[in-house]
Each structure stands twice: as C-alpha cells, then as structure tokens.
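Student: need coordinates for the below:
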Amino acid sequence: MTVTYVIEGSRITGPDSFWSVVGEAVNGPGGYFGRNLDAFADCLSGGMGTPDDGDFVFEWRDHTVSARALGHPETARYLDRLVARAHESNRSRLREEYAQAAAGRGPTLFDRLVAIIRDRAGPDALRLL
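Tutor: Residues are numbered from 1 along each chain as shown. Predicted coordinates for the structure are as follows:
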C-alpha cells in the first residue's frame with residue numbers, strides 16, 4: 001500500500017521551513033528529513049521514516065507558492081551561505097551557481113528539490129498539486 005506524505009506548500013517560505021514541513025510530513029511534529037540538499041537526498045534513500053519497500057509518494061500541495069518562495073532570490077541567498085562554508089575545491093562552482101541564481105537563471109531550490117525527489121524516489125514519487 002502506497003504511503004502518501006503531504007507537503008503543505010503554503011507553509012514554505014524558504015529552505016528552513018521546507019525542511020520543517022517535509023520532516024513533519026514524514027516523521028511527525030518536530031520530525032527530521034534533512035536540513036540541506038545532500039541530507040534530503042540521503043533521507044530519500046531509505047531508513048529515515050519512509051517505507052522500506054519504497055512505496056511512497058509526496059503530494060506537494062500549493063507547489064506554486066513553494067516555487068516562488070524557493071525561487072532565484074532564495075536560491076542565491078542559499079548558495080551565498082554555502083560558499084562561505086564550502087571546501088576550497090567547491091567554491092568556484094558554487095560562486096558560479098550563485099551568480100547564475102542572482103541573475104535569475106539556472107535551477108532554483110524548488111527545481112533542485114523536485115529533481116532530488118524524482119531521482120532518488122522515482123519519477124512517480126511526486127505529485128505537484
């Protein structure tokens with residue numbers, strides 16, 4: 001039986017609220033399901049609250065609200081914070097991604113989250129409503 005996790009997109013105002021909303025959707029109040037893109041991808045690989053058989057779907061309601069909140073301006077802020085903490089070998093790539101986001105180009109955080117879900121959980125594991 002497929003388990004459905006509801007992501008309430010109207011509650012998402014940035015990455016921090018996304019981590020909280022998805023954590024609660026999967027693991028209940030105060031639940032954890034990643035606090036950055038890499039951790040989120042790891043959580044989707046299993047063992048962090050989703051069924052062991054991988055039979056689950058995310059129903060992302062009001063996804064257009066989330067897409068705006070996780071758009072290019074927020075993506076640029078997110079990447080700018082990452083540059084400061086990144087290993088030297090990753091800084092030039094992150095600076096380029098930051099410049100693209102600041103110019104309103106390239107994938108947004110929303111785009112990246114959607115891609116991570118589809119890549120890790122499967123193309124049918126996400127319903128955008």
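Student: could you use CA atoms for every contact and neighbour count after this?
Tutor: Will do.
Student: residues near P73, how many?
Tutor: P73 sits with 17 neighbouring residues when counted by other Cα atoms under 10 Å.
Student: mind listing what it touches?
Tutor: 101-102, 104 (Cα atoms under 8 Å, 6 or more residues apart in numbering).
Student: can you pick the most crowded of those residues?
Tutor: Neighbour counts for the contacts of P73, by other Cα under 10 Å, peak at A101, which reaches 24 neighbours.
Student: helix/strand/coil for that one?
Tutor: State at A101, reduced to three classes by DSSP: H, G, I helix; E, B strand; the rest coil: helix.
Student: I'd say it and T75 touch.
Tutor: Yes - A101 is within contact range of T75, at 6.2 Å (criterion: Cα atoms under 8 Å).
Student: give me phi/psi at the residue nearest to W19 when sequence neighbours are not counted?
Tutor: Take W19 and drop its neighbours on the chain: the residue closest to it by Cα to Cα, 6 or more residues apart in numbering is R35, 5.6 Å away. R35 adopts backbone torsions of phi -130, psi 10, taken as degrees, to the nearest 10.
Student: tell me the pLDDT at R35?
Tutor: R35 carries a pLDDT value of 95.
Student: for the spatially most central residue of the chain, give its distance to W19.
Tutor: Nearest to the mean C-alpha position of the chain, counting by Cα atoms, centre = their mean, stands L113 at 3.4 Å. Using Cα to Cα, to the nearest Å, L113 is found at 11 Å from W19.
Student: repeat that for R85.
Tutor: 19 Å.
Student: out of those two, which sits in the more crowded spot?
Tutor: W19 (20 against 10).
Student: quick one: contacts for that one?
Tutor: W19 touches 32-36, counting by Cα under 8 Å, 6+ apart.
Student: what's the PyMOL syntax to select whichever of those residues are buried?
Tutor: To isolate the buried subset of the contacts of W19 in PyMOL, counting by 16 or more other Cα atoms under 10 Å, use the following:
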select buried, resi 32+33+34+35
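Student: first to last residue in stretch 7-20, what's the distance?
Tutor: 10 Å.
Student: wait, stretch 33-46
Tutor: First-to-last residue span, stretch 33-46, Cα to Cα: 11 Å.
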